[in-house]
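Asker: my questions are about this predicted structure, shown below with the sequence.
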Amino acid sequence: MAGKTAKSARPAFEGAGAAMAVFGRAVLDLLWPPQCLVSREIVGATGQIAPDFWKQLAFIDAPLCARCGLPFAYDPGPDALCPTCIAYPPAFDRARAPLAYGSATSKMLIQFKWGGRMDGVKPFAAWMARAAGPSFREADIVVPVPLHVTRLVSRRFNQSALLAQQLARILDVELSVDLLVRTRRTPSQMGKNRKQRRSNVAKAFAVRPARRAAAVDRHVLLVDDVLTTGATVNACAKALKQAGARQVDVVTLARVVDDEWHSL
Ligand SMILES: [Zn+2]
């Protein structure tokens, strides 16, 4: 009898717990109503985007450069590369991003990076997982692009690490937030051209010596928020490959697709 009582009591307890969670969410929504991830206007649920801004977000579709994920205006066939990847072959194997960089994406990233808006992490990582596709799930380890410690203090959190953590959960791949380190603080990449960006981040990243074994012969999935010229993820991929990584794929939330945004 006691067993039966215990068994029948559990669903009732879980039901009460779920009801409390719904009530708790309703109270929280009254106190802090969910805000659009771009504009901060009130929306129906956490992680949503107001319809006007949703229309402005440009999601990237195939055909793409097989290497860097740049969308093509026409389909040049499978495994085709863009002129940049032919002229400057990157150190990473593949890069993918769900969003093309534009004004709405820019506003959303400002909210995320400097506005402390962590309510976007779950939807962002879900979009990134979709853009990455099934073959990226074969990665052995997910690694965020690290921030220098002084920048981490001023920004309070590393947004790439938050995205990496959620993406690793979705893909069911091991997460390592300390495999890569930033060996020196670099000036912002903003306003620099491709060559300046490359030299700005050259040798700025290294595999942490104590974690070197975690990189050897591994397929690494590197995570960052935006790919502009690719200089940062390229410098990270170089460090990972020098440490023995077999393959380095990259997933970012957004990527630049036209020259207008290259000076960011
Ligand atoms: Zn390319």
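Answerer: On my side now, so go ahead.

Asker: so who does whatever residue of the stretch 101-250 of the chain ends up closest to the ion touch?
Answerer: At 8.6 Å from the ion, residue 230 is the closest residue in the stretch 101-250 of the chain, using Cβ to the ion. Glycine gets a C-beta too; all of them are placed from N, C-alpha and C. Neighbour list for residue 230: 68, 90, 92, 95 [criterion: Cβ atoms under 8 Å, 6 or more residues apart in numbering].

Asker: from residue 201, how far off is the closest residue to residue 217 other than its chain neighbours?
Answerer: Distances taken as Cβ to Cβ, 6 or more residues apart in numbering put residue 246 closest to residue 217, at 5.1 Å, once the chain neighbours are dropped. Per Cβ to Cβ, to the nearest Å, residue 246 is found 23 Å from residue 201.

Asker: quick one, which of these two is more surrounded?
Answerer: Using other Cβ atoms under 10 Å as the criterion, residue 246 and residue 201 rank with residue 201 on top: 23 against 14.

Asker: residues contacting the more buried one?
Answerer: Taking Cβ under 8 Å, 6+ apart as the test, what residue 201 contacts is 186, 189, 231-232, 235.

Asker: return the member of the contacts of residue 230 nearest to residue 79.
Answerer: Distance to residue 79 across these (Cβ to Cβ) is lowest for residue 68, with 12.9 Å.

Asker: give me the sheet partners of the helix or strand where residue 221 lies and which way each runs.
Answerer: Of the helices and strands defined by DSSP states H and E, residue 221 is found in strand 219-227. Strand 219-227 has its sheet partners listed here by DSSP bridges as strand 141-144 (parallel), strand 247-255 (parallel).

Asker: next, format the ones you listed as TSV and append mean pLDDT and distance to the ion.
Answerer: What follows is the strands paired with strand 219-227, written out as TSV (pLDDT from 0 to 100; distance: least, Cβ to the ion, whole Å):
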stretch	mean pLDDT	distance to the ion
strand 141-144	97	22
strand 247-255	97	10
